[in-house]
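Peer 1: after the sequence you'll find the predicted model.
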Amino acid sequence: MEDIKIITKNWGKINPLKISDYIEVGGYSALKKFVAGMKPTEAIGEVKVSGLSGRGGAGFSTGDKMEMVAKSKKHKKYFICNLDELEPGTYKDRMIVDNDPHILLEGIIISALAIGAHKAYIYINGNYEKQFEILEYALRESRRKNLWGPGILGTKYDLDVELFSGAGAYICGEETALLNSIEGYRGEPRLRPPYPTAVGLFGAPTCVNNAETIANLPWIILNGGKKYAKIGATCSPGMKLYTLGGVVKNQGVVEAPTGITIRFLIDKLGGGMQDEKEFWFAQIGGASGHLVTEKELDTALTFSRDCPIPLGSGAIVVVDKTANIYELMLSWTEFFRHESCGKCVPCREGTFRLHEIISRLQDGEISERDREAMQDILWALENTSFCPLGKFAATAVRDAVEKLKILNI
Amino acid sequence: MTVGKILLNYETDGENILPALKKINTTFGFISLENSRIVADYFSVPLSQIYETASFYDAIKVEAQPDVMVQVCFSTHCAINHSGKIIDEIERLFHLKVGDENNPRIKLEKVSCFGRCGEGPIMVVNGKVYEKVAVEEVGRILGEYI
Ligand SMILES: Cc1cc2nc3c(=O)[nH]c(=O)nc-3n(C[C@H](O)[C@H](O)[C@H](O)COP(=O)(O)O)c2cc1C
Ligand code: SF4
Ligand code: FES
């Protein structure tokens, strides 16, 4: 099963701008199968059986989420494709749009119809201007083929879609902040519950799914959930896009099953370390992810809560011994200081102070007072912030201190 | 082009506030207080909401911007690829500091990942993206703008 490809199967083989190319390789046949002979509940059933879990980082069961919205009796419902992707080191969703935009559109149509939405949004990273144009073009072509609007493919299904471009705020990738952003407010997270599946966009039940999650849908509908569930790790099956970076030979986005080890990721998919570079540590899941050292390299990466190293966005950056760790810590803390939305005190103040402390330690020395303050701030970020961003801000810094023994704390 | 004419392209639903603000921002370079008022009236929301929203997002500015805006990515991959050195070089060449608001001609910002990590370090000048920027090139590239 190792050589199976689901999301990237058409990459480099078709002209991404030509809908006819996509259709020639079997594209939109999952949608046809769905509208012609499947009940929405059946489609959601297949997704549940597949075990597909969210690829945006949290790893929640996609089938369960869709079912929650589908079951709501409210007439107005929304489906949102999360293409904000501002996690440093991650550009897998962008690559989906670059290489095969129609697989995403097909997945969106199936998901939205299955949950009973009549309106879908694609919330796209504001820096992705080229990808915005690709999607605009792909939408125009698919509209001409009667894949949107009232009477999709001659059925009673009705679905409209809108592209919504973000404005450069990492927190807007968080689903409730994303909703606020579309509604014209500051992109601050909302209190949950109620969850977006109950009270989402403009108060209506809303299903927000990551672009990569959605790209799996056509395959699952065509081949069945059972077959998908056999791929990769049993706790969170399926294929995953990994973004490789740092001092590995092959950089970029690759598709591989879940459950592979970090060592496999670096040696096999990444082609090993660049010449004469010596492994120091790797960071998994972007700037918000954990650091792993040599002895953890055989950890299998999954979305399970029991997995010690969360897979997150699937980004991996490999760092060698010549790297300047203080510069990296400065980069992480600066990122979170900048991206903190400012809604809650622990994160607004904590990210600011943490960055201040790190700026003072460029010579590798830390004062007693900063040392104590740093422990307090990390604790407050981890335990008292309003949304996960606060926790993310502490993750890499704590790992640098505890696993890499920076500062001898 | 006036703000009023730009706004006419948008229905008055909340979901058009951010797109309209972005459009006004690209047309005028920033959202002035006066223009915020017009937007608030158009969407029938308080001025404070427009200001809150406009000031929140990196891509929207609420103050006039200098002629040359230089942004250097300082997220993980670019930082590993020494984007810090590029920032130092710009500070040295133009006698300014990151975030300095005092120079009306040029401003330097450290910014977050552009999703082009494989091509880093990334520098963006007035919206134009430069990939794999080397320290030695910085003076020449910025010379084209100043
Ligand atoms: C700070 C923060 C940033 C996030 N950024 C993204 C993002 O860029 N893209 C994304 O799909 N999910 C992001 N998420 C996760 C979303 O909140 C949400 O869980 C996800 O979009 C749900 O889709 P999924 O179930 O398909 O993963 C982020 C979460 C947090 C807390
Ligand atoms: S933790 Fe940070 S990003 Fe999240 S709500 Fe609080 S201030 Fe905003
Ligand atoms: S880290 Fe600079 S573009 Fe991603």
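Peer 2: Done, it's in. Ligands and ions are numbered 1, 2, ... in the order given.
Peer 1: tell me the contacts of residue B:38?
Peer 2: Shown in contact with residue B:38 (CB atoms under 8 Å, 6 or more residues apart in numbering or on different chains): B:3, B:4, B:7. Yep, even glycine has a C-beta here, placed from its N, CA and C like the rest.
Peer 1: against which helices or strands is the strand or helix carrying the second one packed?
Peer 2: Taking DSSP states H and E as the definition, one finds residue B:4 inside helix B:3-7. Taking 3 or more CB pairs under 8 Å, 6 or more residues apart in numbering or on different chains; DSSP states H and E as the contact definition, the neighbouring helices and strands of helix B:3-7 are helix B:17-28, helix B:33-43.
Peer 1: ok, now how distant is the residue nearest the centre of chain B from residue B:81?
Peer 2: For chain B, the residue sitting closest to the mean C-alpha position, by CA atoms, centre = their mean, is residue B:59 at 5.2 Å. Distance, residue B:59 to residue B:81, using CB to CB, to the nearest Å: 24 Å.
Peer 1: how about residue A:119?
Peer 2: Taking CB to CB, one finds residue A:119 at 42 Å from residue B:81.
Peer 1: what about the helices in chain B?
Peer 2: B:3-7, B:17-28, B:33-43, B:47-56, B:76-80, B:83-94, B:138-143 (DSSP state H).
Peer 1: with the stretch 301-409 of chain A instead?
Peer 2: Counting by DSSP state H, counting those that start in this stretch, the stretch 301-409 of chain A has these helices, from start to end: A:325-339, A:345-359, A:368-384, A:388-402.
Peer 1: any part of the last one near ligand 1?
Peer 2: The one in question is helix A:388-402. Yes: using CB under 6 Å from any ligand atom, we find that helix A:388-402 touches ligand 1 at A:388, A:389.
Peer 1: buried residues in stretch A:320-331?
Peer 2: A:320, A:323, A:325, A:326, A:327, A:328, A:329, A:330, A:331 (16 or more other CB atoms under 10 Å in any protein chain shown).
Peer 1: over to stretch A:26-44?
Peer 2: By 16+ other CB under 10 Å, the buried positions in stretch A:26-44 come out as A:27, A:28, A:30, A:31, A:34, A:35, A:38, A:40, A:43, A:44.
Peer 1: ditto for stretch A:61-71
Peer 2: In stretch A:61-71, counting by 16+ other CB under 10 Å, buried: A:61, A:62, A:63, A:65, A:66, A:67, A:68, A:69, A:70.
Peer 1: can you put those in JSON lines and add pLDDT and secondary structure?
Peer 2: Shown next, in JSON lines, are the buried residues of stretch A:61-71 (pLDDT from 0 to 100; DSSP: H, G, I helix; E, B strand; the rest coil):
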{"residue": "A:61", "pLDDT": "97", "secondary structure": "strand"}
{"residue": "A:62", "pLDDT": "98", "secondary structure": "helix"}
{"residue": "A:63", "pLDDT": "98", "secondary structure": "helix"}
{"residue": "A:65", "pLDDT": "98", "secondary structure": "helix"}
{"residue": "A:66", "pLDDT": "98", "secondary structure": "helix"}
{"residue": "A:67", "pLDDT": "98", "secondary structure": "helix"}
{"residue": "A:68", "pLDDT": "98", "secondary structure": "helix"}
{"residue": "A:69", "pLDDT": "98", "secondary structure": "helix"}
{"residue": "A:70", "pLDDT": "98", "secondary structure": "helix"}
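Peer 1: which residues touch residue A:229?
Peer 2: By CB under 8 Å, 6+ apart, the neighbours of residue A:229 are A:49, A:50, A:51, A:237.
Peer 1: counting neighbours, what do you get for the residue nearest to the last one when sequence neighbours are not counted?
Peer 2: The shortest distance from residue A:237 to any non-neighbouring residue, by CB to CB, 6 or more residues apart in numbering or on different chains, is to residue A:51 (4.4 Å). Counted with other CB atoms under 10 Å in any protein chain shown, the neighbours of residue A:51 add up to 25.
Peer 1: again, but for residue A:154
Peer 2: When neighbours are defined as other CB under 10 Å, residue A:154 has 9 of them.
Peer 1: isn't it up against residue A:145?
Peer 2: No: here residue A:154 does not reach residue A:145: they are 11.5 Å apart, not a contact under CB atoms under 8 Å.
Peer 1: and stretch A:231-242, average pLDDT?
Peer 2: If you average the pLDDT over stretch A:231-242, you get 96.
Peer 1: which bits of the stretch 251-400 of chain A sit near ligand 2?
Peer 2: When proximity is defined by CB under 6 Å from any ligand atom, the stretch 251-400 of chain A lies next to ligand 2 at A:340, A:341, A:342, A:343, A:344, A:347, A:348, A:385, A:386, A:387, A:389, A:390.
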